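Undergrad: sequence-free structure coming up:
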C-alpha cells in the first residue's frame, strides 16, 4: 500500500457512525467530521443517507460484501495525506467499519492517525421507537453466519436465553436464510414462556419505519428481514399503554 513520504503529509482516517439513516439522528460530531473531510467512503445505500453532506467530496462507494475493498481504499487515501471519513450506518463500532479498519491498519503495519466517531445504533433507535425495553442489562446478537459460525452464534443465544437477558437480534432473516430465526425462537422458548413480549422494528427512525409488537409464540408470523431489529423481552418486560418497558425496580416495593 502506497504511503505518503512527505513530512507535511498529515492524513487521517475517521470512522464515522452516521446513525440509522434519518438526518435528525446524526450527531453533530459526525456531521462536522464528514463536512471537514476531503474523501468519504461507504456502502452505496448509506452514502445516500448523507447525500446532503457530500458536495465537493471525493466519494468511494461500493456494494454489500465489499467492506474490505472500500476500507482499503479509505486507508490508502488517508496514507496519501487526505482527510477521510469511512462511514457506517448506526454506530461504527457495532457491526460497523471501525473493527475492520483497526484490524486492517494492524495487518498493514502502517502509521496512520485514526479517530472513531460514535453514532446512534439501530438497537437504540428501535428501542426508543418501542418505548424503553433496554432499561436493564441487554445484549445484541447478529444472526448472520457469513463471518461467524452458526455454532458460535447459537452458543451465545443459549446463554442469553438462560440468563433472562433482553436480547436484540440484528439480521434476523433474509429470503434465503430463515432457519436461524426459527432456531433462535426455539431456544428462547426453552427458557421463557410463549407470552414473552417481542418488538420488531423495520427501518428504525426512517420515514417508512414499521413497528410490530408481538410475543415469542407468534413472532414468526410477522414480516422481518435484514433491515429489522428484533427485541426479545425478559421476565421484567411488560406493556405500558402502547409502549414496551423493561422495569428496573423503581416500583418493586408495590408488588
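TA: All right, it came through fine. What you are looking at is a predicted structure, and each value in this text was computed from that prediction instead of being measured.

Undergrad: can you tell me which residues contact residue 156?
TA: By Cβ atoms under 8 Å, 6 or more residues apart in numbering, residue 156 lies in contact with 139, 141. Using the backbone N, CA and C atoms, a C-beta is placed for each residue, glycine as well.

Undergrad: go with 6 Å
TA: residue 141 (Cβ atoms under 6 Å, 6 or more residues apart in numbering).

Undergrad: what about the helices in the stretch 51-200 of the chain?
TA: 67-79, 98-108, 122-130, 150-162, 179-189 (DSSP state H, counting those that start in this stretch).

Undergrad: so which of those gets nearest residue 14?
TA: Closest of those to residue 14 is helix 67-79, at 8.8 Å (criterion: Cβ to Cβ).

Undergrad: buried ones in the closest one?
TA: By 16 or more other Cβ atoms under 10 Å, the buried positions in helix 67-79 come out as 67, 70-79.

Undergrad: What is that helix packed up against?
TA: Packing partners of helix 67-79 (3 or more Cβ pairs under 6 Å, 6 or more residues apart in numbering; DSSP states H and E): strand 39-43, strand 58-62, strand 83-88, helix 98-108.

Undergrad: can you rerun that using 8 Å?
TA: For helix 67-79, the helices and strands in contact under the criterion 3 or more Cβ pairs under 8 Å, 6 or more residues apart in numbering; DSSP states H and E are strand 12-17, strand 39-43, strand 58-62, strand 83-88, helix 98-108.

Undergrad: Now do the second one, average pLDDT.
TA: Right, the one you point to is strand 39-43. Mean pLDDT, strand 39-43: 97.

Undergrad: Look up the residues forming beta bridges with residue 239.
TA: residue 244 (DSSP bridges).

Undergrad: Nearest approach to residue 205 belongs to which of the helices of the stretch 51-200 of the chain?
TA: Of all the helices of the stretch 51-200 of the chain, helix 122-130 comes closest under Cβ to Cβ, at 4.3 Å.
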